[in-house]
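>>> fold the following.
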Amino acid sequence: MKKQFLVLALAAGLGLVGCTEDKEKAGAAELGENLEQMEEKAATDAPALAGNLGEAFGVYIASDLMNGAGITADVLNVAEFTANFQKAMKGEEPFQMQTVGPKIQQYMGGCAAAKQSGNPMPQAPENFSAEFGFMVGFNVKSQGMLNANNFDFAGFDKGFASVFEGAPSMTGENAQQLIQTAMTKLQAEAAKAVQADEKAFFEKNAKENDKIISLPSGIQYEVLKEGKGPKPAITDKVRTHYHGTLLDGSIFDSSVDRGEPAEFPIQGVIKGWQEVLPMMATGAKWKVYIPSGLAYGPQGRPGIPANSILVFEIELLDIVK
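As a prediction, the model looks like this:
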C-alpha cells in the first residue's frame, strides 16, 4: 500500500497537473476547504476556459514531444497517434498497457538522453505512433476527469497536428494556462461530487452498524478482534495481514490471499493507515473504511479508480524491531 503520485498523460514528463503530498493529506475534514479554494480559483480564471481544451492538450503534448524528447514528424505518424489516443479515451484497448508502457517509456528515455547529449536518436519501436497514442490516451482517461464525453477530439487533432506541421495553433504558454485552468475547474467539480457521495456513504454506514466508530478525519472502523500487545509509534515498522477491497467488494490487494504478511514502516503507507495503525494494539484486527482523500485520492492507482473509498481488514501482527 505504498503511496503513488499523479502522472497525467504519460510517464515521460508532460507534467500537466502537479501533485504534491499535500493533496494526499486532504481527508474529509479538509475536503471542504480545498473545494472552496478550487472553486474560487476556477471562477477567477473562468475567461481562460473560453479556449479549446482539446486543442490546448494537443498543442501541449505535441510541443513536449518535439521540444522535450526530440520526436519529429519523420518519427511519429500523427494520424496513428491521434486515432489511438481517441480509442483509449473511449475505453477501447487495441494494445495492452502492461506491454506498451515499459517499451514506450524506455524509448522516450533514450530519446531524451540522445537529445541532451547530441547523440543519434534511437530507432523507434514497431507500432510506436499507435502504441504511444494509446498510452497517452489511457493515462489521461485514467485520471478520471477527462473522457470521451467531455473531450474535444477534433480540437485535439487540430492542435497536435499543427505543432508537427510547424505552425502551432496556439502558443505553448497559452495551452498550458488553459489546461491548468480547466483542470482546476474539473477538480473542483470532482471534489464536490466526492464530498457529497462520501458524506452519504459514511452517514449510512454508521447508521446501519452500531459497532462502527467514526473519527474526526472521516475514517470509520469496527473492532473485529481486540489486541493485547503494545501499540506502535508512527515511526515504527510493523508486520500486518490485510485484505483490501473497494465498496463493491472487488479485491485490489491482499496479503491474506498471497499467504504472506507484509512488513513496512508506518510512515511509508497511505495516510489512512498512518492514522489507524498507531491506535491498534498488537494482535488487534479492525475493519477500516478510509475516505478517498486519505487513500489515493483523485489519482487512483491500478485496480483502484480515482476518488475511491477503501475498505481494509487489518490485523496488526507485530512491531518489527
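
>>> the lengthiest strand in the chain pairs with which strands?
Longest strand of the chain, by residue count under DSSP state E: strand 310-320. Using DSSP bridges, strand 310-320 pairs in its sheet with strand 237-245 (antiparallel), strand 285-290 (antiparallel).

>>> chain center to it: distance?
24 Å (CA atoms, centre = their mean, to the nearest Å).

>>> give the buried residues for that strand.
Buried residues in strand 310-320, defined by neighbour count with 16 or more other CB atoms under 10 Å: 310, 311, 312, 313, 314, 315, 316, 317, 318, 319. For glycine as for every other residue, the C-beta is placed from the backbone atoms N, C-alpha and C.

>>> let's have those in JSON lines, adding pLDDT and distance to residue 187.
What follows is these, written out as JSON lines (pLDDT from 0 to 100; distance: CB to CB, whole Å):
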{"residue": "310", "pLDDT": "97", "distance to residue 187": "20"}
{"residue": "311", "pLDDT": "98", "distance to residue 187": "25"}
{"residue": "312", "pLDDT": "98", "distance to residue 187": "26"}
{"residue": "313", "pLDDT": "98", "distance to residue 187": "31"}
{"residue": "314", "pLDDT": "98", "distance to residue 187": "30"}
{"residue": "315", "pLDDT": "98", "distance to residue 187": "36"}
{"residue": "316", "pLDDT": "98", "distance to residue 187": "35"}
{"residue": "317", "pLDDT": "98", "distance to residue 187": "38"}
{"residue": "318", "pLDDT": "97", "distance to residue 187": "40"}
{"residue": "319", "pLDDT": "97", "distance to residue 187": "38"}
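
>>> and the strands paired with strand 310-320: which comes nearest residue 193?
Among the strands paired with strand 310-320, strand 285-290 comes nearest to residue 193, with 18.3 Å by CB to CB.

>>> quick one on the thing from earlier: among the strands paired with strand 310-320, which is the most enclosed?
Among the strands paired with strand 310-320, ranked by average contacts under mean count of other CB atoms under 10 Å, first place goes to strand 285-290 (a mean of 21).

>>> kindly format the C-alpha coordinates of that strand as CSV.
The C-alpha trace of strand 285-290 is given here as CSV (Å, rounded to 0.1, in the frame of the first residue of the first chain):
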residue,chain,number,x,y,z
LYS,A,285,-7.9,-6.9,13.9
TRP,A,286,-10.0,-4.0,12.6
LYS,A,287,-12.2,-3.4,9.6
VAL,A,288,-11.4,0.1,8.4
TYR,A,289,-13.2,2.4,6.0
ILE,A,290,-10.8,5.1,4.6
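
>>> identify the residues contacting it?
202, 205, 212, 219-225, 227, 270, 272-273, 276, 280, 309-316 (CB atoms under 8 Å, 6 or more residues apart in numbering).

>>> likewise for stretch 140-159?
6, 8-9, 52-60, 62, 82, 85-86, 88-91, 168-170, 175, 183, 186-187, 190, 298-300, 305-307.

>>> picking up where we left off before, now distance to residue 117 too, for the strands paired with strand 310-320, in JSON lines please.
Below are the strands paired with strand 310-320 laid out as JSON lines (distance: least, CB to CB, whole Å):
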{"stretch": "strand 237-245", "distance to residue 117": "41"}
{"stretch": "strand 285-290", "distance to residue 117": "45"}
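
>>> and these as JSON lines, adding distance to residue 122 and mean pLDDT?
Formatted as JSON lines, the strands paired with strand 310-320 follow (distance: least, CB to CB, whole Å; pLDDT from 0 to 100):
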{"stretch": "strand 237-245", "distance to residue 122": "39", "mean pLDDT": "97"}
{"stretch": "strand 285-290", "distance to residue 122": "43", "mean pLDDT": "98"}
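
>>> quick one: which helix or strand includes residue 264?
Using DSSP states H and E, residue 264 sits within strand 262-265.

>>> give the contact list for residue 84.
94, 95, 129, 130, 131, 132, 133, 134, 137.

>>> mind listing what's buried in the strand holding residue 264?
262, 264.

>>> which of the contacts of stretch 140-159 fall in helices?
53-60, 62, 82, 85-86, 88-89, 175, 183, 186-187, 190 (DSSP state H).

>>> ok, now which ones touch residue 274?
234, 266, 267.

>>> pull out the buried members of those.
residue 266.

>>> okay if I get the contacts of residue 274 as CSV plus pLDDT?
Output for those, formatted as CSV (pLDDT from 0 to 100):
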residue, pLDDT
234, 97
266, 97
267, 96
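
>>> just the closest of the contacts of residue 274 to residue 113, please.
For the contacts of residue 274, the nearest to residue 113 is residue 267 (33.7 Å; CB to CB).

>>> could you look up the SS state of the closest one?
helix (DSSP: H, G, I helix; E, B strand; the rest coil).
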